[in-house]
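Novice: sequence plus predicted model, see below.
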Amino acid sequence: MGRGGKGKGKWKKNRKNGGWSDGQGKRSNYREIVRENEKFEAFYKAQKIVPESEWDTFKASLQSQLPSAFRITGTRDSAQEVLRQFEEHYFSQLDTVTFPDGTQVEPPQPIEWYPDRLAWGVQAPRQFIRKHKELKVFHRFLVSQNEQGNISRQEAVSMIPPFLLDVKPQHKVLDMCAAPGSKTAQLIEMIHADGDSIPEGLVVANDADNKRCYMLVHQAKRLQSPSFMITNHDASMFPTIFTKDESGNKSVMKFDRVLADVPCSGDGTLRKNPKIWETWSPNNAMGLHPLQHRILNRGVQLLADDGMIVYSTCSLNPIENEAVVANVLREWKGKLELIDVSDQLPLLKRDKGLTDWKVILRNGREISSPEEYEFDRPKIHKSMFPPSEDEVSWMHLERCCRLLPHHQNTGGFFVAALRRIPQQTTDDNSNNNISEGEEKPENENVFGMLTRRTTRSGGSQTDSKSPDSEEKKEESQQDAKDDEHIRPKDPEQGPRGHLVQEDPYVFISDEPDKLSILQDIADFYGLNDSFPMDSILTRSEGGKKRHLYLVSPLSRQIIKGTLDDGLRITNTGVRVFTRSDSKDVARVFRLCQEGAHVVAPFMTKRIFRVPATDLFNVLHEDTPRFETFSQKTQDILSETEEGAVAIVCERGSPSLEEGHTVACDVMTIGWRGKATVRCLVSRHERYHFKLLLGADPKLAESDGNLGKKKDNNNNNK
């Protein structure tokens, strides 16, 4: 019988537990995953990543659930106020809440190694928080803050790599495998650490999967930075980026910091991905080792002298970790070094990197050296084996860090920080001009494969014992050196074979017939001369412009220098103006909330500074009338013509909460009408801003006249 029929209706979907039940609440077709794997246990006991005395504790930790964690963004002025709101109004709600078995729910605890108590762990599962009636307000607060970008849900260990990069606001940063974007968010916060709305530096977030790039777009909208760019390329073949100055001169752009958080087998995530217990095999790591090597090697190529690259995986396997790092150090000997980061994050417990490990096959057989293995096996490479005694002495693999789950109740993780050593040159032509040569690493891209591989021309290369193969190998190495400037490949194909084509990036200043748009905006909002008007762009050629975006000057140079060469930019810039329905030419483009903090420092008109009570009035009511504001605000409104305005309650102003002051500037975009002011921000934003003004959480959650109108509309239906 078809869906929805009667008769065989004994089995039905049980939405509460996510599975199928027999109508009596008993799950039927979901079996419990057995968190055991003999091969896993034998493999890691042989690697000795854990002392024998700690093995049982280590294993028990891997078999338990991973606590949730979130991070309060540290670059915004509101970070400490958000933390205060958490501690005073929301964490206390967990004191009386119990799990179904009667045990007490532990309140969130700060992650001890994270600076300034801005990262917290939560033992209660996310689903429990979402469904428990007593935690409704707490859950709403979490959702609101996450939407606003004030908190970021992120596994604790994944917060570590950006810290080790030591990013400064002037740095050019590349995140090679960025999606879903939690680490990228940290990098963006770091370049904005000085509070500059348009920092000198830039974060380029790349991912090979076009769909995952749009996860990064969502992250970008939350963080609202003009110094952020999303690209869509294979990280191992990430193209050389060029910049073009105002004179039209192109030059190669090198990165000061690179994050290579590479694809991996993921056995460090067993606590949150228990299915890995069933699928784990040594072959998983062996299959990924070549790709991981190529990505790290390409990252080093893109690095400026004295620049730093951090390599990380959520795997415990030395084949994916120390072996990859050792091979890249071998290829860049004298030009790359591991950095000792033991003094950073001093409360973080970590183990030193291994200098010796085993290469073990799926059947449990151990291979002690490359010479011991047959040449007809597809997944074994020389680079997988541990370094020689001489190499151990200068590689310093002990400077790598391995984080084990039982040390601080986390997932498993591996991280290594490397620095590109500046090279002395006697040649004046060693700059980054594209017409001049670049220094190449010794044996670049030499992979040490024991089996046949495909060359660039598509032919087959036989094993390394063949004289012909040695000659081809040398030619391939030279090709790799000559091709350090990599040009983008054709666009990735989307569903059904269609090419993924992004909308164009068009600077308004390059369209002579549209220059009046910029002048009207500058005059209406009183933008001063330092505002980068030439960095405003749209995503369409010709016609009416719907949205205007602002990018940083460096982003502009990249778009000008590389976009025509095929760089696939999925998204960049922050939306600052959008077309309104006004018939007045001067009011055609209104301010956008997401870009208000970028534009406001340059505005000399239409920006109001008001007390907390007046801004709360705008946020809480639908369209408050002028006479409901303080006399000073009424006077300002009467002197201002209709159109978009920025309304600000400044830091240090008296708060709605008695005895407190507003902890940071709170700004919202509104529309000054004939006799009313309308708030042009989302409900989540209103809720967050009301809390920052010191409103009680229950009052902040209500919607004032807006809520009353909704109720009336519902009653009239």
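Specialist: Yep, it's here. Every value quoted in this text rests on a predicted model; they were computed, and no experiment measured them.

Novice: helix or strand: which one has residue 163?
Specialist: Element membership for residue 163 (DSSP states H and E) is helix 160-165.

Novice: CA-only coordinates of that helix in CSV, if you can.
Specialist: Presented in CSV, the C-alpha positions along helix 160-165 are these (Å, rounded to 0.1, in the frame of the first residue of the first chain):
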residue,chain,number,x,y,z
ILE,A,160,44.6,25.8,18.1
PRO,A,161,46.2,26.3,14.6
PRO,A,162,45.2,29.9,14.2
PHE,A,163,46.8,30.8,17.5
LEU,A,164,50.1,29.2,16.5
LEU,A,165,50.2,31.3,13.2
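
Novice: can you list the helices and strands that that helix packs against?
Specialist: Helix 160-165 sits against helix 182-191, strand 255-261, strand 303-313, strand 413-420, with contacts defined as 3 or more Cβ pairs under 8 Å, 6 or more residues apart in numbering; DSSP states H and E. Every C-beta, even on glycine, is put in place using the N, C-alpha and C of the backbone.

Novice: so which of the ones you listed gets nearest residue 333?
Specialist: In terms of Cβ to Cβ, the element of the helices and strands packed on helix 160-165 nearest to residue 333 is strand 413-420, at 12.5 Å.

Novice: just the strands from the stretch 1-150 of the chain, written as ranges.
Specialist: 12-14, 19-21, 68-72, 109-110, 119-122 (DSSP state E, counting those that start in this stretch).

Novice: buried sites along the top helix by length along the chain?
Specialist: In terms of residue count, the longest helix belonging to the chain (DSSP state H) is helix 282-301. By neighbour count on 16 or more other Cβ atoms under 10 Å, the buried set for helix 282-301 is 282, 284-286, 288-301.

Novice: low pLDDT regions in the chain?
Specialist: 1-31, 74-77, 93, 125, 374-378, 425-484, 487-501, 563-564, 584-586, 705-717 (pLDDT under 70).

Novice: hmm, back to that, and the helix holding residue 163, how far out from the chain's middle?
Specialist: Helix 160-165 sits 13 Å away from the centroid of its parent chain (Cα atoms, centre = their mean, to the nearest Å).

Novice: now what about that helix, what contacts it?
Specialist: Helix 160-165 is contacted by residues 173, 183, 186-187, 190, 257, 259, 261, 308, 310, 312, 341, 344-345, 348, 403, 413, 415, 417 when judged by Cβ atoms under 8 Å, 6 or more residues apart in numbering.

Novice: before we move on, back to that, how far away from the center of its chain is the longest helix of the chain?
Specialist: The answer for helix 282-301 is 21 Å, by Cα atoms, centre = their mean.

Novice: going forward, count from 810.
Specialist: That works, and once the first residue is 810, the last one we named lands at helix 1091-1110.

Novice: quick check: angle from it to strand 1112-1122?
Specialist: Calculated by axes from the mean of the first three to the mean of the last three Cα atoms, to 10 degrees, helix 1091-1110 forms an angle of 160 degrees with strand 1112-1122.

Novice: and the direction of helix 1091-1110 versus that of strand 1064-1070, what angle?
Specialist: Counting by the same axes, to 10 degrees, helix 1091-1110 lies at 170 degrees to strand 1064-1070.

Novice: I'd assumed residue 870 was in contact with residue 844.
Specialist: No. Counting by Cβ atoms under 8 Å, residue 870 is not a contact partner of residue 844; they are 11.0 Å apart.

Novice: show me which of those two is the more surrounded one.
Specialist: Using other Cβ atoms under 10 Å as the criterion, residue 844 and residue 870 rank with residue 870 on top: 20 against 16.

Novice: for the nearest residue to that one once chain neighbours are set aside, grab the count of nearby residues.
Specialist: Once flanking residues are discounted, residue 870 sits nearest to residue 1215: 3.8 Å by Cβ to Cβ, 6 or more residues apart in numbering. As a burial measure, residue 1215 scores 19 neighbours (other Cβ under 10 Å).

Novice: then residue 1450?
Specialist: For residue 1450, the count of nearby residues is 12 (other Cβ under 10 Å).

Novice: quick one: it is in a strand?
Specialist: No. Residue 1450: not assigned to a strand; according to DSSP: H, G, I helix; E, B strand; the rest coil it is coil.

Novice: next one: it relative to residue 1479, how far apart?
Specialist: 14 Å (Cβ to Cβ, to the nearest Å).

Novice: also residue 939?
Specialist: From residue 939 over to residue 1479 (counting by Cβ to Cβ), the distance is 33 Å.

Novice: neighbour-wise, which of the two wins?
Specialist: Neighbours around residue 939 and residue 1479, counted as other Cβ under 10 Å, are more numerous at residue 1479. The numbers are 24 against 12.

Novice: now do the same contact list for the more buried one.
Specialist: Contacts of residue 1479 by Cβ under 8 Å, 6+ apart are 1427, 1453-1456, 1486-1489.

Novice: what sits against residue 852?
Specialist: 1091, 1169.

Novice: where's it relative to residue 1125, distance?
Specialist: 10 Å.

Novice: do the same with residue 994
Specialist: Counting by Cβ to Cβ, the separation of residue 994 from residue 1125 is 25 Å.

Novice: those two - which one has more neighbours?
Specialist: residue 1125 (30 against 26).

Novice: which non-adjacent residue is nearest the more buried one?
Specialist: Going by Cβ to Cβ, 6+ apart, residue 1125 has residue 1221 as its nearest residue, at 4.7 Å.

Novice: and that neighbour, how many neighbours?
Specialist: When neighbours are counted by other Cβ under 10 Å, residue 1221 comes out with 26.

Novice: what do you get for the one 3 residues further on?
Specialist: Residue 1224: 23 surrounding residues under other Cβ under 10 Å.

Novice: same thing with residue 1157?
Specialist: Close neighbours of residue 1157, defined as other Cβ under 10 Å, add up to 21.

Novice: pretty sure it sits against residue 920.
Specialist: No. Counting by Cβ under 8 Å, residue 1157 does not reach residue 920; the two are 9.4 Å apart.

Novice: tell me which element residue 1211 falls in.
Specialist: Going by DSSP H and E, residue 1211 is in strand 1210-1212.
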